[in-house]
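Visitor: Build the 3D model from these lines:
(chains A and B)
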Amino acid sequence: MTFNSSGSNQDSQAIANFNDTGITRNFSLDVLRGIALLGILLISIWEFGGFSTNEQTRLRLLQKGTDYNLYYYISVFFEGKMRALFSLVFGAGILLFMAKPNRPGLVSTHELYIRRNMWLIGFGIFNAIVLLWPGDILFQYGVMGILLFPFFRMSRRALLIAALVATLIYCGKMYWNYADDKKAYKKFKAVTLVEEKFKKDSTTRHQKDSLAGFSTDSLKVRDSTGKKNDTLNKEQAKDKGAWEGMVKNLKYDSTNAAVKKDNKEMRSGYGKIWNYLLQRSQFKEAAWLYRTGIWDIGSMMLLGMALFGFGFFNADFSKSKYLVIAAMCLIAGFLLAWLKLDNQHSKLVDYAKYIDGHAIPPNQFFPIERLLFATGYAAFILFFIRVNILKWLWGALSAVGKMAFTNYFMQTLICTLFFYGYGFGYFGRLSQQQLYFLVAEIWLVQTVFSILWLRYYHHGPVEWLWRYLIYGKRFPNKKKME
Amino acid sequence: METTAAINNPQPVLQTDRIKTIDMIRGFALLGILLMNIPGFGINWDAWFNILKGPHNTKDYYTMAAIMSFFDGTMRGLFSMLFGAGMILFTLNKKELPDGPSVAEFYYRRLLWLVVFGLFNAFILLWFGDILYFYGLCGMVLFVFRKTNPKWLLVLGFVCMSITMLKSQLQWNETREKRKAYTLAVKAEKDSIKLTDEQQAAKAEWTEIESRTAAPDTTFTNRNLRKMQSGYGTIFTYWIPMNTDGEIWALYHQLFWDGLTMMFIGMALFGWGFFSNRLSTSTYAMWLLIGYGIGIPIGWLAFKDGLLAQVNDFSGFVDRYRIQHQLLYDVRRILLTIGHASLLLLIFRSRIVPWLMKALSKVGQMAFTNYLMQSIICTWFFYGYGFGFYNKLKFHELYYVVFSVWIFQLIFSSIWLRYYRFGPFEWLWRSLTYWKKQPMKK
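Guide: Residues are numbered from 1 along each chain as shown, chains lettered A, B, ... in the order given. Just a heads-up that it's a prediction; the model follows:
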């Protein structure tokens, strides 16, 4: 997420100096950022509100009904795609920021860049550990922002190639995870064979022993010693357990035991929830980032940088070009999403059977799918901006995007206070439709708030704080009223 | 001597600009790191356990006691300190140019390549104890502090240290909670009260912990031995999950703070001229006294009442200490590290063994090459696809290997630098950083 100082700020010389890039580019990036920010809530509301994976599994197995349709369409059109759009805009923002010339008396642009990403990491930790939102992405964006710093000078073609390579690696990772599952299944199958052999051995031994004329008592003794030798060793037991555990996690659990526990924990007080969510946040910040996030976020950021270089965000392309890009990307993306549907279903029904019959996992091409969707959405919206219709809508969304940082925190605050036990405790109590009613409410509140706020101030409150921390200087935030 | 070329063209530090004592200390730390790494390269984990278990009059035991109480963590610490100092040298020695990449860019490129080298060291050379990866990432934090006052750097170092302490104390509290739950369950059982499911689980968990700490897992040991004696492909796949886990969790929970603590302190000490031989002899002597005087006793206690006691009676150990016994780990590390550096600088000043000091500075000048070379030599010596000496030597015999590697690296570095400007890996690293082939020959 890039929160640019795009608001014009004539009353402060120092800030006015930063507005050195075209309004259009800023405007279109603000709009896209606003859309991505609001769109992210469509998916994060699941985790905020306790729309459990178990329930999702139930719907997916059901494959019909209003609830299923709602879940299905949201999942196809938005899951992972809004975050991808967010990353795309963040990447473009990197280059926008780098274009700022150094100013005498202020820290150099490059150092400012590092500082803002480090503060972003700090805000992310705050969002995850203090505000208790384990789905936070600010931390990961800050880290990726720093890791991508050495790339900003690359040519747009090289950036495009880098983005595609990162996407392919991401696809490779998907396959790699699947290969691990396959291996676990293979090991499990080997253990089942051993167990069958034990069973057979014990039967034949029993038959032999009875033929040999042992007394009933000694037969019992021989049986139990035989069984002792016939138990799985530690490694075999572990292999067996590993696969069984994995399958159990995929299955729909009609007792809802895990969901009940989750609901109970999330409806408790701050301290308890803190303890409960800590591991999840740490996992997201460490393991998810290392295994997936680098490629998930990095590929889209690189693409954003490349597209920025091509003038994509300037609304420089012709109208038809935007339309063609949008149509091609969205159709191809939708095809990929549609193709995986069947596989996803059969994986849920019987993973073992799926592994036997399929060389690739259902989500093999998901990285490409989301890339296409995000790019398609961006092109589609840029087309509208270019043809200059629905101006009021884009104006409102650009206000949301300008205050994206504030709005992101506001989503955390509203949702945690609404759902968690130390607030209103609605966690797990709302149906899917009700959740989306809430989402619409939040959208409305955020849009109105952003428009009103920006009428009086140059920057959102968190943006202002961020800038203050980065520059080590307080900038006046109030607009002069005519 | 600053040439015009050096001013107009950002480029590697010239030989003449290098501060000799820093190279010397770095060389010392680099060689010292092998003291702590060699068991990881060459011996199965259960060796530690068996030696600590006793008898306590063997060469192995004495070696371990000396290494653990005198060196544990300190060489990595010294290396981290110099890494911090090197950051300041790298960034402040260069002039910003109006066009072309900024110093920040060179710095971050350099670190990103370091991360890549770290991945190479861990996943390709198969050294799971790699630190380059961690240094690269920790280093990315340092840049914005390059001009910070040493006093504040010291404060930052202590803040990072406190985070480690807090984390380890919290973890200790958790362990003690488990132990308490177990004792309560056992007591209830004695009073013939039927245990709840939770109590059953608590009892089972502690019993498991106790058995795990009472004897090494033979299944794990056997598997490890089998794997380490096999070919490259097997060891390659064997280490992937462990390397990955280390780079995720060791970084997140421990090494990030571990590294930053020492790097910040190193930057502060550098700012005060400690590493560049600028303080008076009596100051160094005082720090030697303080460092060793306090550091060694803590180290010995940590070994004897900590490591040793844990192995012999873990439950008793947990019952006995309310405070995490390793709480002063970093304090001791900082003290000993400063002690080592002071001692070295005093020897340097006294000119007793100038040839050795010179050789050390050569080792330090190509520390990066030497670090990777240790991985190459040791993996080839110990792993199955090389000479396969894994777990074949006794603990104290490992240190014969260390001495041989030291001698080799001292000689090799001196000879190499007679003909070339940089070590081979330094050359590669610099060429990648500046994205231009660097001149190599003298």
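Visitor: and chain A, which of its residues are near chain B?
Guide: A:108, A:110-111, A:114-115, A:118, A:146-147, A:149-150, A:153, A:233-235, A:282, A:285-287, A:290-291 (Cβ under 8 Å from any Cβ of the partner chain). All C-beta atoms are positioned from the backbone trio N, CA, C, and that covers glycine.
Visitor: And those residues, which of them are buried?
Guide: Buried members of these, scored by 16 or more other Cβ atoms under 10 Å in any protein chain shown, are A:108, A:110-111, A:114-115, A:118, A:146-147, A:149-150, A:282, A:285-287, A:290.
Visitor: Out of the residues you listed, list just those in helices.
Guide: Of these, the ones assigned to helices by DSSP state H are A:His110, A:Glu111, A:Ile114, A:Arg115, A:Met118, A:Ile146, A:Leu147, A:Gln282.
Visitor: possible to save the residues you listed as a markdown table with pLDDT?
Guide: What follows is these, written out as a markdown table (pLDDT from 0 to 100):
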| residue | pLDDT |
| --- | --- |
| A:His110 | 93 |
| A:Glu111 | 93 |
| A:Ile114 | 96 |
| A:Arg115 | 96 |
| A:Met118 | 97 |
| A:Ile146 | 97 |
| A:Leu147 | 97 |
| A:Gln282 | 95 |
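Visitor: can you name the two of those residues that are farthest apart?
Guide: Within these, A:His110 and A:Gln282 form the most distant pair, 30.6 Å apart (Cβ to Cβ).
Visitor: Closest to B:Gln326 out of the ones in helices among the buried ones among the residues of chain A next to chain B?
Guide: For those, with B:Gln326 as the reference and Cβ to Cβ as the criterion, the closest is A:Gln282, at 21.3 Å.
Visitor: surely the closest one meets B:Ile248?
Guide: No - A:Gln282 is not in contact with B:Ile248 according to Cβ atoms under 8 Å; the separation is 9.9 Å.
Visitor: Go ahead and flag the most central residue of chain B.
Guide: Centroid-nearest residue in chain B: B:Arg76, 2.9 Å away (criterion: Cα atoms, centre = their mean).
Visitor: wait, that one sits on B:Leu35?
Guide: No - between B:Arg76 and B:Leu35 there is no contact, the gap being 10.5 Å when judged by Cβ under 8 Å.
Visitor: so how far is chain B from the nearest residue to A:Phe139 once chain neighbours are set aside?
Guide: Closest residue to A:Phe139 apart from its sequence neighbours, by Cβ to Cβ, 6 or more residues apart in numbering or on different chains: A:Gly124 at 2.9 Å. Separation of A:Gly124 from chain B (Cβ to the nearest Cβ, to the nearest Å): 14 Å.
Visitor: just A:Ile325 next, same as before
Guide: In this view, A:Ile325 and chain B are 32 Å apart by Cβ to the nearest Cβ.
Visitor: Can you check the pLDDT for that residue?
Guide: A:Ile325 is assigned 96 on the pLDDT scale.
Visitor: OK, contacts around it?
Guide: A:Phe317, A:Thr375, A:Gly376, A:Ala379 (Cβ atoms under 8 Å, 6 or more residues apart in numbering or on different chains).
Visitor: Work out for me the element it sits within.
Guide: helix A:319-349 (DSSP states H and E).
Visitor: And that helix, what's buried?
Guide: For helix A:319-349, by 16+ other Cβ under 10 Å, it's A:322-323, A:325-326, A:329-330, A:332-334, A:336-337, A:340, A:343-344, A:347-348.
Visitor: Same check on stretch B:172-191?
Guide: B:Trp172, B:Arg179, B:Ala181, B:Tyr182, B:Ala185, B:Val186.
Visitor: List the residues that contact the closest residue to chain A within the stretch 301-442 of chain B.
Guide: In the stretch 301-442 of chain B, the residue that lies nearest chain A is B:Thr433 (9.4 Å; Cβ to the nearest Cβ). If you count contacts by Cβ under 8 Å, 6+ apart, B:Thr433 has them with B:Phe106, B:Arg109, B:Arg110, B:Trp113.
Visitor: for these, which one is nearest chain A?
Guide: Checking those against chain A by Cβ to the nearest Cβ gives B:Arg109 as the nearest, at 4.4 Å.
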